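Novice: sequence first, predicted coordinates after that:
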Amino acid sequence: MYTYKTEILKVSTKWFSDKANENDIAELDELLNERAAEGWELVTYDYMATSVQIKGAFVITFRRKA
């Protein structure tokens, strides 16, 4: 059996593009490495842009054995 944990990692403000940038990826890597050190395994992630394309976020789900 697994325990699941989902987190939202907000990205920097975007004015002309809804794409993640290098700083956003660095923050994602940091979060992934922190959770891995705690025993969490990445299950899935998705990038969600907002309808106004100003602010987006990664939705990340981890799991570990209960």
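Specialist: That came through fine.
Novice: first to last residue in stretch 31-47, what's the distance?
Specialist: 15 Å (Cα to Cα, to the nearest Å).
Novice: now that stretch: average pLDDT?
Specialist: The average pLDDT for stretch 31-47 rounds to 95.
Novice: who touches it?
Specialist: 4-5, 7, 9, 11, 20, 28, 56-64 (Cβ atoms under 8 Å, 6 or more residues apart in numbering). For glycine as for every other residue, the C-beta is placed from the backbone atoms N, C-alpha and C.
Novice: in PyMOL, select just the buried ones from these.
Specialist: In PyMOL, a selection of the buried entries from the contacts of stretch 31-47 looks like this (16 or more other Cβ atoms under 10 Å):
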select buried, resi 9+11+20+28+56+57+58+60+62+63
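Novice: can you tell me how far the closest residue to residue 60 other than its chain neighbours sits from residue 58?
Specialist: Nearest residue to residue 60, sequence neighbours excluded (Cβ to Cβ, 6 or more residues apart in numbering): residue 45, at 4.4 Å. Going from residue 45 to residue 58 by Cβ to Cβ, to the nearest Å gives 6 Å.
Novice: I am finished for the moment; much appreciated.
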